[in-house]
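Enquirer: kindly return the folded structure for what I paste below:
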Amino acid sequence: MRGKRLRRVFASITTILTISCWLFASLSSSPERIATLTLAVPSSEIPLPLQLVLAYGWQLQVAKEGIGHPWWTLGGFGVTFAAGEDRVDELKKLLLQIWRRTDWDPLIVKRARFLASQQILAWKRDPMEWLRWQARIIAMGEQLESLAPEQPNRVRLDDISEVLRKLSRCDLMLGHCDLATQSQTFTPVTVTPSIRHKFFRQTLKLPSSQRTHGLWWMLVKGDFAIAMVVGELLGGGTGAKWYQLLRSEKPIAYHAIAQIQWTPVGSELTLYAATSPENLKLAHQQAQKLLLNLRRGEIDSSEFERARKLAELQLRKMASDPIKSSQIKAIWLMAGHSLEEWENLPKRLQSLSLEEVRAFCRSLPPAAEILSLP
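Expert: As a prediction, the model looks like this:
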């Protein structure tokens with residue numbers, strides 16, 4: 001018995017020493033400069049299950065050369081890779097080869113299908129993210145069945161080869177950012193929006209939930225800087241409008257979250273509430289009231305100034321995250337903006353006026369409603 005214990009202790013010590021040596025070797029040989037490469041693709045004509053499989057397939061094929069972070073949003077998707085600056089040229093060449101490769105290894109496809117199904121399940125476990133993807137699917141004119149976890153398994157090799165042949169005839173949008181010098185280069189790609197629904201209502205069932213989840217979603221056109229300020233006005237902390245409506249004196253929601261997210265086809269504005277079933281109607285009324293007040297321009301100067309400062313902080317936060325920053329810049333360029341405009345975004349936020357924000361809010365479209373009932 002004692003001998004077995006000694007052997008287990010010896011094995012544990014050996015394992016720890018092995019891992020320590022590996023970490024030391026990795027750290028001592030790590031490059032001084034890290035860079036990101038972002039592969040971005042317009043997605044208006046690619047079904048979501050196929051987008052998921054493509055992104056994970058690219059990630060798997062580049063796994064030995066760089067750490068990949070797949071991402072998806074309304075109107076675009078891609079993968080952001082992080083690697084040493086000294087390996088960027090090799091990684092670029094590999095990505096160009098993969099971009100032109102139309103016949104994938106079936107084992108890569110099998111693994112990509114599995115990861116794509118797991119991604120859908122991850123969205124499904126987050127009620128707000130799940131409702132947001134329901135809204136995106138409806139807005140793009142796809143069937144809600146696209147979000148079934150088994151859908152990626154139905155993506156055929158022929159489907160992948162067909163879309164890869166179409167993509168290979170287009171320019172590859174590849175963004176390179178050197179994190180040490182902050183230098184960046186992007187090859188722009190034009191995105192053609194195909195939003196087919198401006199207003200819709202959908203009710204879903206979530207048997208495992210004890211709460212009612214509601215999301216009021218809209219696609220906002222216009223200045224991204226103003227959209228950021230509106231997002232902070234609605235959802236920037238406990239002093240924001242949406243939180244105060246649902247969570248202040250008489251709370252009617254477990255969660256009250258408002259967000260603005262950039263996409264290649266505009267900014268997504270979402271109001272999310274998780275309530276008990278009996279409070280859903282009241283939360284709905286508050287959402288309608290809030291959006292109506294916004295369209296009337298009912299924003300005072302103190303609210304505006306607070307939201308503008310929070311938007312500046314959010315922009316700095318984006319810049320501090322190299323992966324997220326690379327993705328946002330790709331989305332920015334896919335939306336038709338330039339890198340010069342990106343560099344001027346902090347000044348744009350500082351120069352915004354209250355009247356510009358009010359004018360933006362007066363143009364807000366009606367909300368789309370996505371509800372999940374227990």
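Enquirer: helix or strand right after the helix or strand of the chain with the lowest mean pLDDT?
Expert: Between all helices and strands in the chain, the lowest mean by mean pLDDT, DSSP states H and E belongs to helix 2-29, at a mean of 44. Counting by DSSP states H and E, the next helix or strand C-terminal to helix 2-29 is strand 34-42.
Enquirer: and the strands in the stretch 251-374 of the chain?
Expert: In the stretch 251-374 of the chain, the strands defined using DSSP state E, counting those that start in this stretch lie at 255-263, 266-275, 368-373.
Enquirer: what's the closest of those strands to Gln134?
Expert: Nearest of the strands of the stretch 251-374 of the chain to Gln134, taken as CB to CB: strand 368-373 at 5.1 Å. To be clear about C-beta, it is placed using only N, CA and C from the backbone, and glycine gets the same treatment.
Enquirer: in the closest one, which residues are buried?
Expert: For strand 368-373, a neighbour-count test (16 or more other CB atoms under 10 Å) marks Ala368, Glu369, Ile370, Leu371, Ser372 as buried.
Enquirer: what's the answer for stretch 291-308, then?
Expert: For stretch 291-308, by 16+ other CB under 10 Å, it's Leu291, Leu294, Ile299, Glu303, Phe304, Arg306, Ala307, Arg308.
Enquirer: wait, which of the strands of the stretch 251-374 of the chain is closest to Trp72?
Expert: Using CB to CB, the strands of the stretch 251-374 of the chain put strand 255-263 closest to Trp72, at 10.2 Å.
Enquirer: thinking again about what came up before, hey, which of the strands of the stretch 251-374 of the chain is tucked in deepest?
Expert: Highest mean neighbour count among the strands of the stretch 251-374 of the chain (mean count of other CB atoms under 10 Å): strand 266-275, with a mean of 24.
Enquirer: which elements pack onto that strand?
Expert: The contact analysis (3 or more CB pairs under 8 Å, 6 or more residues apart in numbering; DSSP states H and E) places strand 266-275 against helix 127-139, strand 212-220, helix 224-235, strand 255-263, helix 280-295.
Enquirer: check what contacts the first one and list those residues.
Expert: In other words, helix 127-139. 48, 74, 123-124, 143-144, 146-147, 195-197, 200, 202, 204, 206, 209, 213-215, 217, 219, 255, 257, 268, 270, 272, 274, 368, 370-372 (CB atoms under 8 Å, 6 or more residues apart in numbering).
Enquirer: so it versus strand 266-275, what angle?
Expert: 130 degrees (axes from the mean of the first three to the mean of the last three CA atoms, to 10 degrees).
Enquirer: next structured bit after helix 127-139?
Expert: By DSSP H and E, the next helix or strand past helix 127-139 is helix 157-168.
Enquirer: that following helix: how far from the chain's middle?
Expert: Here helix 157-168 is found 24 Å from its chain centre; the criterion is CA atoms, centre = their mean, to the nearest Å.
Enquirer: list the buried ones in it?
Expert: Under the neighbour-count criterion of 16+ other CB under 10 Å, helix 157-168 has Asp159, Ile160, Val163, Leu164, Leu167 buried.
Enquirer: now that helix - C-alpha only, PDB.
Expert: Output of helix 157-168 as PDB, limited to C-alpha atoms (Å, rounded to 0.1, in the frame of the first residue of the first chain):
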ATOM      1  CA  LEU A 157     -18.700  18.300 -48.300                       C
ATOM      2  CA  ASP A 158     -20.300  19.400 -51.600                       C
ATOM      3  CA  ASP A 159     -21.900  22.400 -49.800                       C
ATOM      4  CA  ILE A 160     -18.500  23.400 -48.400                       C
ATOM      5  CA  SER A 161     -16.700  23.000 -51.800                       C
ATOM      6  CA  GLU A 162     -19.400  25.100 -53.600                       C
ATOM      7  CA  VAL A 163     -19.200  28.100 -51.300                       C
ATOM      8  CA  LEU A 164     -15.400  27.800 -51.100                       C
ATOM      9  CA  ARG A 165     -15.200  28.000 -54.900                       C
ATOM     10  CA  LYS A 166     -17.300  31.200 -54.800                       C
ATOM     11  CA  LEU A 167     -15.200  32.700 -52.000                       C
ATOM     12  CA  SER A 168     -11.900  31.900 -53.700                       C
END
